[in-house]
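Q: Here's a sequence, model it:
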Amino acid sequence: MIQNETQIDIFQNHIKSVEKILEADIDEEAYFSLLVMLYGHVVAAVEAYLSSTFIQKVTNSEELTRKLIETDPSFSKTKFTLKEIFEEQEKLKLTVATYLENLIFHDLKKVKPMYRDVLNCEFGDIGWLFKAVAIRHHCVHRAGYDKENIRVELSVDILKELVVKTKGLTSLIENKVSPVTMLETEIPPF
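A: Got it, this is the predicted structure:
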C-alpha cells in the first residue's frame with residue numbers, strides 16, 4: 001500500500017520519535033549528548049515543516065505564487081526585457097520553486113513575514129523559536145557549547161517545552177493554511 005505523508009505527518013513522526021527516545025534509559029554521561037542531538041532534531045523538524053508546507057502551498061496555487069512574487073523583495077529586484085517576458089512566464093513555477101527550495105527556513109525574520117504576507121498566517125510571538133534556532137546552532141556546530149565554550153542549558157523539561165511549542169506552532173499553521181476537506185469532517189447523523 002502506498003501512503004502519502006503530509007508535511008504535518010512527517011513533523012509529527014519526528015516528534016513522536018523524540019518523545020520515545022527521551023524515555024530511553026541512558027547513562028548520565030551520555031545524556032547531555034542525547035539532548036543536544038534531540039534539540040537539534042526538533043528545530044530541524046519544525047524548519048522542514050515550515051519549508052515543505054510553504055513550498056507545497058505556494059507552488060500549487062497560482063494565486064499564492066503571485067502573492068509571493070508581489071510581496072517578496074527578492075523578486076522585485078528581478079529584471080528582464082520585454083523580449084524575455086514569455087520565456088520567464090513559462091518557467092515561473094520552476095523559478096519560484098527553486099527560489100523557495102534554496103531559502104533557509106530558519107531565517108525566521110524572512111519566513112515569518114512570508115507566511116503572513118502570502119498565506120495570511122500570523123505566527124504571533126515566536127521569540128522562543130528565534131532562541132531555539134540559536135541554541136540549535138550551538139548544538140549542531142559546537143556539540144552543545146556556545147562560542148565561549150560554555151555548555152548550553154538543556155534538560156528533558158526544556159526539550160519537552162520545545163516540543164509542546166513546536167506542536168502548537170504547527171497546529172496553528174495547519175488550522176490556518178490547510179483547508180478542511182469533506183473527508184476530514186465528521187458528517188452528522190440524520
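Q: Quick one: the helices in the protein, in order.
A: 7-22, 28-59, 62-71, 73-76, 85-90, 92-102, 108-119, 127-142, 156-177 (DSSP state H).
Q: Please work out which of those helices is packed deepest.
A: Compared across the helices of the chain, helix 28-59 shows the largest average neighbour count, a mean of 19 (mean count of other CB atoms under 10 Å). (Each C-beta comes from the backbone N, C-alpha and C, glycine too.)
Q: Show me the residue sitting in the middle of this protein in space.
A: Leu50 (2.2 Å; CA atoms, centre = their mean).
Q: could you dump the helices of the chain to JSON lines with distance to Ile150 and mean pLDDT?
A: JSON lines is the format used below for those (distance: least, CB to CB, whole Å; pLDDT from 0 to 100):
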{"stretch": "helix 7-22", "distance to Ile150": "24", "mean pLDDT": "94"}
{"stretch": "helix 28-59", "distance to Ile150": "13", "mean pLDDT": "93"}
{"stretch": "helix 62-71", "distance to Ile150": "40", "mean pLDDT": "91"}
{"stretch": "helix 73-76", "distance to Ile150": "37", "mean pLDDT": "81"}
{"stretch": "helix 85-90", "distance to Ile150": "50", "mean pLDDT": "80"}
{"stretch": "helix 92-102", "distance to Ile150": "33", "mean pLDDT": "85"}
{"stretch": "helix 108-119", "distance to Ile150": "24", "mean pLDDT": "93"}
{"stretch": "helix 127-142", "distance to Ile150": "9", "mean pLDDT": "95"}
{"stretch": "helix 156-177", "distance to Ile150": "16", "mean pLDDT": "95"}
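Q: quick one on the thing from earlier: got a list of what the residue nearest to the centre of the chain touches?
A: Going by CB atoms under 8 Å, 6 or more residues apart in numbering, Leu50 touches Phe105, Val111, Tyr115, Ile173.
Q: quick one, phi/psi of the nearest residue to Lys110 once chain neighbours are set aside?
A: Ranked by CB to CB, 6 or more residues apart in numbering and with sequence neighbours excluded, the top spatial neighbour of Lys110 is Leu103, at 7.3 Å. Main-chain dihedrals, Leu103, degrees, to the nearest 10: phi -70, psi 140.
Q: give me the number of residues near Leu103?
A: 16 (other CB atoms under 10 Å).
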